[in-house]
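Asker: for reference, the sequence and a predicted model appear below.
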Amino acid sequence: MADTGIFCTTAQVEQKAGAGASATSKAEAYTNEYVAQAESTINVATRYNWSDVYTTLDADVKKILSQVASDLAAIYVVSYDMSGYTSRIEAEDIVNILRDSALRGISLLRDKKQQMFIREA
């Protein structure tokens, strides 16, 4: 799969969505769009445009951005079609785990004290 995202790869998204994710929901066009949406969501939710300064960021910050973007995009993949999972509960558990991880990462990125630390690192 081609990677069009800045923060994460489509392979990371597919891995997090799990083996039960349908081929349709993992289609390259969908996954690339999910990654783009996730990156925009991160920028707006944190009130900082990480995309514009990505190349200048510390490796640790890039890993957090990668984690959050792939979490959010994987949620979109799972939510698009849950039919491949053993049960809806399994799919919802995956979504809940990914959501909690994404929220934690967004919280770190949004915290102004953390942003100051990140910029001065």
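Answerer: Cool, got the structure.
Asker: check contacts around the residue nearest the centre of the chain.
Answerer: With distances taken as C-alpha atoms, centre = their mean, Ala69 lies nearest the centre of the chain, 2.0 Å away. Contacts were defined as C-beta atoms under 8 Å, 6 or more residues apart in numbering; by that measure Ala69 touches Gly5, Phe7, Cys8, Val35, Ala38, Glu39, Ile42. Just so you know, the C-beta spots here come from the backbone N, C-alpha and C atoms, and that holds for glycine as well.
Asker: and it, how far from Thr86?
Answerer: 27 Å (C-beta to C-beta, to the nearest Å).
Asker: please apply the same query to Val78.
Answerer: Distance, Val78 to Thr86, using C-beta to C-beta: 13 Å.
Asker: and these two? which has more neighbours close in?
Answerer: Between Val78 and Thr86, Val78 has the larger neighbour count (other C-beta atoms under 10 Å), namely 25 against 9.
Asker: test my guess that the more buried one contacts Ser25.
Answerer: Yes: between Val78 and Ser25 there is a contact under C-beta atoms under 8 Å: 7.4 Å.
Asker: which neighbours do those two have in common?
Answerer: Applying C-beta under 8 Å, 6+ apart, one finds that Val78 and Ser25 are jointly contacted by Ala17.
Asker: mind listing what's buried along the helix or strand harbouring Ser107?
Answerer: Ser107 belongs to helix 88-110 when assigned by DSSP states H and E. Within helix 88-110, the residues that qualify as buried by neighbour count (16 or more other C-beta atoms under 10 Å) are Ala91, Ile94, Val95, Leu98, Ser101, Ala102, Gly105, Ile106, Leu108, Leu109.
Asker: separation between the fifth one and Val68?
Answerer: Meaning Ser101. To Val68, Ser101 is 8 Å away according to C-beta to C-beta.
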